[in-house]
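S.K.: What follows is a predicted structure for the sequence shown.
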Amino acid sequence: METKRTFAALTAAALSIATAAPAANIVEIASGDERFSTLVAAVSAAGLVETLQGEGPFTVYAPLNDAFEALPDSTVETLLRPEKKGN
């Protein structure tokens, strides 16, 4: 049952991004939706904001905050460290 709910949430998120009002870029779309705040932080920490604001096309797997929260403790914090940039 949990898998179905997670899939439904991801599908809903994907649909909401796909049907959102036209935005300039992926970063703008994700930044406008609180459910993607961890993804936005990760994109920023990785130094990818400028790239994703450029011309695409881009395909981005956009996990919701809930997906990041399901990771083992301190995983997200480790991934957001400055020394992880570009790795």
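M.R.: Structure's in. What do you need?
S.K.: Poorly predicted segments of the chain, please.
M.R.: Segments of the chain classed as low confidence (criterion: pLDDT under 70) are 1-23, 84-87.
S.K.: Okay, buried residues for the helix or strand containing Thr78 please.
M.R.: With elements delineated by DSSP states H and E, Thr78 resides in helix 75-79, which encompasses its position. Buried residues in helix 75-79, counting neighbours by 16 or more other Cβ atoms under 10 Å, are found at Val76, Leu79. Backbone N, C-alpha and C define where each C-beta goes, glycine included.
S.K.: Check stretch 61-76 too.
M.R.: The neighbour-count check on stretch 61-76 (16+ other Cβ under 10 Å) flags Ala62, Pro63, Leu64, Asn65, Ala67, Phe68, Val76 as buried.
S.K.: Need these in a markdown table (columns: secondary structure and distance to Arg35).
M.R.: Formatted as a markdown table, the entries for the buried residues of stretch 61-76 read as follows, by DSSP: H, G, I helix; E, B strand; the rest coil; distance: Cβ to Cβ, whole Å:
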| residue | secondary structure | distance to Arg35 |
| --- | --- | --- |
| Ala62 | coil | 9 |
| Pro63 | coil | 10 |
| Leu64 | coil | 5 |
| Asn65 | helix | 6 |
| Ala67 | helix | 10 |
| Phe68 | helix | 11 |
| Val76 | helix | 15 |
